[in-house]
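Colleague: Sequence and computational prediction follow.
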Amino acid sequence: MKHFINAQLGSDDFRQQFAAIRNAFLLRIEEAASLMPSCEFRACDISGEPIAWIWNAEVFQNTGVAGSLVDAKGFAANMINSGMKFAFGTCQHDGKEIIWLTTWEEPEQGPLWPSGVKILKSEAHDGVQIGIRK
């Protein structure tokens, strides 16, 4: 879903509206996780390929492939703050509850999930637009 902000870019009002929109989306991730109490979070790139996305400070690179709700919310917040589009999708795969995460930007279309994974429910943050919703 595209979100609309009716404030001057860079203004305090813009930042407040943007934060409210981002935080509402992060709550949706939290709600999805609460329905899957033993879930793990995984991420894929714009081609649907699984990626290592958990930061390892010891080696200064992403090395982990499965993360927690805290990791997922941090990843989503960082991508949304950077102007990226972001989506999450729930599934059961190989006996595990998994919430997949992915991010993309124009002109790419998303979300694209890993092959062989059947997403049961997904939600997307399609960015923000300045102006009044028509």
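Modeller: Thanks, I have it. Numbering: from 1, shown residues only.
Colleague: If you count neighbours, what's buried in the longest helix along the chain?
Modeller: Counting by DSSP state H, the longest helix found in the chain is helix 12-34. By neighbour count on 16 or more other C-beta atoms under 10 Å, the buried set for helix 12-34 is 14, 17-18, 21-22, 25-26, 29, 32-33. Bear in mind the C-beta positions are built from the backbone N, C-alpha and C, glycine included.
Colleague: Chain neighbours aside, what residue packs nearest to Met36?
Modeller: Glu97 (4.1 Å; C-beta to C-beta, 6 or more residues apart in numbering).
Colleague: can you pull out the helices in this protein?
Modeller: Under DSSP H, the chain gives helices at 12-34, 69-81.
Colleague: Among these, which comes closest to Ala124?
Modeller: Closest to Ala124 of these is helix 12-34 (C-beta to C-beta; 9.0 Å).
Colleague: Need the contact partners of the closest one.
Modeller: Applying C-beta atoms under 8 Å, 6 or more residues apart in numbering, the external contacts of helix 12-34 come out as 3, 5-8, 39, 41, 69, 72-73, 76-77, 80-81, 86, 88, 90, 99, 121, 123, 125, 128, 130.
Colleague: Having no further points to raise, I will conclude here.
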